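Enquirer: Whatever this is, show me its structure:
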Amino acid sequence: MLIAQLSDTHIKRPGELAYRRVDTAYMLSRCVADLVRLNPQPDLIVITGDLVDIGCAEEYAHLKRLLAPLKQPIIMVPGNHDGREAMRTAFADDGYLPASGFLHFSIDDRYPLRIVGLDTHVPMAGGGELCEQRLCWLDEKLQRERTRPTILLMHHAPFVSGIGFMDEIGLHGRERFTEIVARHPQIEMILCGHLHRNIQTMVGGRRVSTCPSPAHQVALDFRTDTAGGFSLEPPGYLLHWWHDGHLVTHGVMIGSYDGPYPFVDAAGRLLG
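Expert: Sure, this is the predicted structure:
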């Protein structure tokens, strides 16, 4: 199984730029074109939050138009820039989001991996939260399928990244989350967004990875006394390959580049 992970697309209303500089719609269209060219095609596409920028219906309609060339199932969790009810309404026909409450879901029997989505959204806040109600929901879902390989999707990363201005708007409740995931070895990986970079670590003995944005990246800045910012580094996404009981992750840069060139000549000799 091949899963493409996008994150932090930040789609605005048609004609608007993010932060007066980034054409996120154009950048997502380039990412979609890259995905369409992949061979083999991903079986599933997941988007780990900040789908849009201010959480309004017009932005979600624009996002749906941009994603239309993708024929795979697409599943999403909300981020801090999303609007829970507008997102619920926009994607109600897809059938995996609940009709009320938090936008949690569990897709149990459609794929080789069980996929559990978590809603870390806090209205009008940059940081996220896994409150006791949300954590109990997660623990109960994991208890039901203790031997089924599982991926968790969430927007806010459950660790301190070292990028100070982003850690200030990190995840509340991560300590209890860590305790829960440590009890569930069936979790293969926790896929996150929010940090606009590919960052990898371990939480509760489970692998965690954040996804770069197909648009702008968070500036890599380990100082604790700066307001932070973003950069226009090469955009990207992740491909997660489930094969023979293992999940292998590849980082992909969006765009056209020279190559591929051969390593060997026609006789099979390594080119000098």
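Enquirer: use CA for all of it now, contacts and neighbours both
Expert: Fine.
Enquirer: Stretch 235-245: how far from the chain's middle?
Expert: 12 Å (Cα atoms, centre = their mean, to the nearest Å).
Enquirer: Let's see the pLDDT reported for Ser256.
Expert: We have a pLDDT of 89 for Ser256.
Enquirer: for Leu35, same thing?
Expert: For Leu35, pLDDT reads 98.
Enquirer: What lies in contact with whichever strand or helix holds it?
Expert: Per DSSP states H and E: Leu35 is located in helix 24-37. The contact list for helix 24-37 (Cα atoms under 8 Å, 6 or more residues apart in numbering) reads 9-12, 14, 17-18, 41-42, 63, 66-67, 69-70, 214-215, 236, 254-255.
Enquirer: Buried residues of that helix, list them for me.
Expert: By 16 or more other Cα atoms under 10 Å, the buried positions in helix 24-37 come out as Thr24, Ala25, Met27, Leu28, Ser29, Arg30, Cys31, Val32, Leu35, Val36.
Enquirer: C-alpha coordinates for it, CSV please?
Expert: Output in CSV follows, covering the C-alpha atoms of helix 24-37 (Å, rounded to 0.1, in the frame of the first residue of the first chain):
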residue,chain,number,x,y,z
THR,A,24,-0.8,28.4,-2.0
ALA,A,25,-3.4,27.5,-4.7
TYR,A,26,-0.7,27.5,-7.4
MET,A,27,1.7,25.5,-5.2
LEU,A,28,-1.0,22.9,-4.4
SER,A,29,-1.8,22.6,-8.1
ARG,A,30,1.9,21.8,-8.7
CYS,A,31,1.8,19.2,-6.0
VAL,A,32,-1.4,17.6,-7.4
ALA,A,33,0.3,17.4,-10.9
ASP,A,34,3.2,15.6,-9.3
LEU,A,35,0.9,13.1,-7.6
VAL,A,36,-1.0,12.5,-10.8
ARG,A,37,2.3,11.6,-12.6
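Enquirer: Any idea how far it is from the middle of the chain?
Expert: With Cα atoms, centre = their mean, you get 15 Å for helix 24-37.
Enquirer: Would you mind identifying the next helix or strand past that helix?
Expert: strand 44-48.
Enquirer: Would you map the strands across the stretch 1-150 of the chain?
Expert: 2-6, 44-48, 74-77, 105-107, 114-117, 128-129, 150-153 (DSSP state E, counting those that start in this stretch).
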